[in-house]
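> sharing a sequence plus its predicted fold:
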Amino acid sequence: MDGIGSASLPERYRSLDIWRGIACFLVVLIHAFSLPNNLLNQTGPWSGFCRCIDSVACRLWIGVPIFFVISGYCIGAAADAHRRHRRPIHDFFVCRLRRVYLPYFVALAFTAGLVFVFDLVSAEHRLSEVGIPNPATLTPANWFGNLTLTEGLMSGVPGHVVRRQLLPAWTLCHEVQFYVISGVFLLVASRHFFLALGAFTIFGGMAVGLAARFGVHLPQGCVLRGTWLMFAMGIAVYWQIAVGTRRARWLTIALLLVPLVWSLCHPQALITHESNNTQNIFISAITALLLVLAHPFDLAVTSRALAVPFAKLGKISFSVYLIHFPIIRFCDMQRTIWLGNNVPAGLLVLLATTILSVGAGSLFYRWVECRTLGRSGKKQTRWTSGDILYSRIRAEKGAEESNVPVRSPRVPQGQPLAPRIEPAQPLDPNPSEWIQTPAQRRNLGQRVPSHMRRDSQ
């Protein structure tokens, strides 16, 4: 089965939240750094500073390929868990598509309502003039493409003009295609899922290259035009971690070096200011290699104080990604109205919009994303001494009797552990039924022993 055993899934790669937070921060910055041309073309004392900002901002797009590699890893993990548990295929599609579409619909409605109301109130300054179209000007075909996240694919339809109500949604179009392709391979090749995806990546890339030589080009929003390779690199990283052997590690590194070397063979494409497929493949290969090499140091990385803000941002990154663009455009419009086109005002608004985007994303995560996914959005309750002791005793008992590796809960800092004593009643040695918290036991209909309930206070 692709070299992956069916005994247990690999531990969660905690550093992915840090990578996701860095990528999200870069994407917010590249949109916030989109200064007007009259600022970038100044000839006064700020001219050199503005050119420096422009040279940095035009390369912040590297957050997008980092996102795609992480998405490939996460979908590979979700598909692997799905096939091991032998769940119905419609559960995979419902779970993944609900994860994208429900928060996206709320963000789309917020953006359309903001633009419509602001354009209706202000006759001189319109949000529709700074990159967000007025919803009243979109055609039914545009609305169909925006609602189904197929607007990029519809670029191949003759006479169709691509217009996105929410500009960052172009990446979600690629995400949905990736979900669909992964679900199809789960259906037709579940036992050899990773092998099938590897073959599809190789032969699909060859087919697209041959078609381009004969003048046949895929639509601009098709995932096979280069984005699929970024997803595939993330899948390769997950496969290597799931297999866990030295041979798989070196094989994955060798495979990732192929696109890296290929991109280095095109130096002219790498040094251009505008993003292209060569640069995207180069950044994706570097990211995937770093994920492979950094995995043994996962716990050490996540324990660093510098990583905590990015890990928190990574947790809400999808919400920030959905909601930041209309906020940035609205704040930039207000700057033009009230503060004028000067560099100090632009820098002040840059800082304010970054903070507002993260704050709005945090609220969006708690009020929208968590509720659409059935989460509470609140912080988890602290462990009591009894919970920690009970879980550790069960882990030790089960490890002795079944030889199955288990993970004990991490004791919160400053919280003492009760003395080790034998439990008052026999323990179930089956590790597959262990539930770490009483809340999870209640959800599964299992009775919590009275001596292990949470403290009443």
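Received the coordinates, thanks. Everything numeric in this text was worked out from a predicted model, so none of it was measured.
> for this protein, which spans come out with low pLDDT?
For the chain, the stretches flagged by pLDDT under 70 are 1-8, 34-44, 375-457.
> what is the longest helix seen in the chain packed up against?
Identified as the longest helix of the chain according to DSSP state H is helix 89-121. Secondary-structure packing of helix 89-121 (3 or more CB pairs under 8 Å, 6 or more residues apart in numbering; DSSP states H and E): helix 63-85, helix 140-148, helix 169-188, helix 317-338, helix 343-364, helix 370-372. The C-beta positions use only the backbone N, C-alpha and C, and glycine is treated the same way.
> number of nearby residues for residue 261?
Applying the criterion other CB atoms under 10 Å, we find 10 residues in the vicinity of residue 261.
> C-terminal to whatever helix or strand it lives in, what's the next element?
According to DSSP states H and E, residue 261 maps onto helix 246-264. With elements assigned by DSSP H and E, the helix or strand that comes after helix 246-264 is helix 267-270.
> just the angle between the next helix or strand after that next one and helix 63-85, please?
Per DSSP H and E, the first helix or strand lying C-terminal to helix 267-270 is helix 277-294. Put simply, helix 277-294 runs at 60 degrees to helix 63-85, going by axes from the mean of the first three to the mean of the last three CA atoms, to 10 degrees.
> just the buried positions in helix 277-294, please.
Buried positions in helix 277-294, judged by neighbour count with 16 or more other CB atoms under 10 Å: 278-289, 291-292.
> got phi/psi on residue 316?
phi -110, psi 20 (degrees, to the nearest 10).
> which non-adjacent residue is nearest it?
residue 365 (4.1 Å; CB to CB, 6 or more residues apart in numbering).
> next, count neighbours for that neighbour.
Count around residue 365 with other CB under 10 Å applied: 22.
> returning to what we had before: got the angle for the helix holding residue 261 vs helix 277-294?
Going by the same axes, to 10 degrees, helix 246-264 makes 150 degrees with helix 277-294.
> against which helices or strands is helix 246-264 packed?
Against helix 246-264 (3+ CB pairs under 8 Å, 6+ apart) you get helix 227-243, helix 267-270, helix 277-294.
> how about 6 Å then?
Applying 3 or more CB pairs under 6 Å, 6 or more residues apart in numbering; DSSP states H and E, we find helix 246-264 packed against helix 227-243, helix 277-294.
> now do the longest one against helix 227-243: the angle between them, please.
In this case it means helix 277-294. Going by the same axes, to 10 degrees, helix 277-294 makes 10 degrees with helix 227-243.
> check which helices and strands helix 277-294 sits against.
In this structure, helix 277-294 packs against helix 63-85, helix 227-243, helix 246-264, with contacts taken as 3+ CB pairs under 6 Å, 6+ apart.
> of all these, which one is nearest residue 167?
Proximity to residue 167, assessed across those by CB to CB, is greatest for helix 63-85 (12.3 Å).
> report the buried residues of the closest one.
By neighbour count on 16+ other CB under 10 Å, the buried set for helix 63-85 is 63-80, 82-84.
> distance between that helix and the chain's centre?
9 Å (CA atoms, centre = their mean, to the nearest Å).
> who are the packing partners of it?
Against helix 63-85 (3+ CB pairs under 6 Å, 6+ apart) you get helix 16-32, helix 169-188, helix 227-243, helix 277-294.
> switch to 10 Å and redo it
Under the contact criterion of 3 or more CB pairs under 10 Å, 6 or more residues apart in numbering; DSSP states H and E, helix 63-85 touches helix 16-32, helix 89-121, helix 169-188, helix 193-213, helix 227-243, helix 277-294, helix 317-338.
> what's the angle between it and helix 16-32?
Going by the same axes, to 10 degrees, helix 63-85 is angled at 150 degrees with respect to helix 16-32.
> how's this structure carved up into domains?
16-372, 385-452 (automatic domain parsing).
> turn those into TSV, including distance to residue 9.
Formatted as TSV, the domains of the chain follow (distance: least, CB to CB, whole Å):
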stretch	distance to residue 9
domain 16-372	6
domain 385-452	12
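> what's the most buried one of these?
domain 16-372 (a mean of 17; mean count of other CB atoms under 10 Å).
> how long is it end to end?
22 Å (CA to CA, to the nearest Å).
> check the offset of it from the chain's centre.
Between the mean C-alpha location of domain 16-372 and the chain-wide mean there is a distance of 8 Å, by CA atoms, centre = their mean.
> about what we covered before: now tabulate the helices and strands packed on helix 89-121 in TSV and tack on distance to residue 206.
Listed next are the helices and strands packed on helix 89-121 as TSV, based on distance: least, CB to CB, whole Å:
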stretch	distance to residue 206
helix 63-85	20
helix 140-148	29
helix 169-188	17
helix 317-338	33
helix 343-364	40
helix 370-372	39
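> compare the helices and strands packed on helix 63-85 and report which one is nearest to residue 309.
Once those are compared by CB to CB, helix 16-32 is nearest, at 7.3 Å.
> quick one, that closest one and helix 317-338 angle?
20 degrees.
> who are the packing partners of helix 16-32?
With contacts taken as 3+ CB pairs under 10 Å, 6+ apart, helix 16-32 sits against helix 47-57, helix 63-85, helix 277-294, helix 298-302, helix 307-315, helix 317-338, helix 343-364.
> right, and the ones you listed - which one's nearest residue 265?
Among the helices and strands packed on helix 16-32, helix 277-294 sits nearest to residue 265 (CB to CB), with 9.2 Å.
> who's in contact with residue 306?
Applying CB atoms under 10 Å, 6 or more residues apart in numbering, one finds that residue 306 lies in contact with residue 18.
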